[in-house]
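K.L.:
let me see the structure of the following:
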Amino acid sequence: MRTETLTYLKENANSLELDSPLLVTQNGKARYVVQDAADYQYQQESLALLKLLTLSEQTTDKGVLSLDDAFDES
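P.N.:
From the prediction side, this is the model:
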């Protein structure tokens, strides 16, 4: 992951090439991560799949889950 300053991001926003996520710092501290929209979508789908796998494992441990339990955000 490449690291750049917030100033760099502002100056180069129109021409950024995002081959990998970009860590943006402000005052020397990490503030933002900028990534390609397709990569973000893939990441979100992967997380959803992992959640489904976890739920299926819980189902085998507990028996049957209700719909409310299966989609509880906690």
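K.L.:
and the pLDDT at Ser66?
P.N.:
Model confidence at Ser66, given as pLDDT, is 70.
K.L.:
would you map the helices across the protein?
P.N.:
Along the chain, counting by DSSP state H, helices occupy 6-12, 37-62, 67-70.
K.L.:
helices or strands next to the last one in the packing?
P.N.:
Other helices and strands packing on helix 67-70, by 3 or more CB pairs under 8 Å, 6 or more residues apart in numbering; DSSP states H and E, are absent; none qualifies. The way it works is simple: take the backbone N, C-alpha and C, and place the C-beta from them, glycine included.
K.L.:
extract the CA atoms of it and return them as CSV.
P.N.:
Taking C-alpha atoms only, helix 67-70 is exported to CSV below (Å, rounded to 0.1, in the frame of the first residue of the first chain):
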residue,chain,number,x,y,z
LEU,A,67,-34.1,-15.3,10.0
ASP,A,68,-33.8,-12.6,12.7
ASP,A,69,-30.7,-14.3,14.2
ALA,A,70,-29.2,-14.9,10.7
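K.L.:
ok, which of the helices of the chain comes nearest Ala30?
P.N.:
helix 6-12 (10.8 Å; CB to CB).
K.L.:
okay, now the unreliable bits of the protein?
P.N.:
Low-confidence segments of the chain, defined by pLDDT under 70: 61-65, 73-74.
K.L.:
distance check, Gln58 against Leu47.
P.N.:
Per CB to CB, to the nearest Å, Gln58 is found 16 Å from Leu47.
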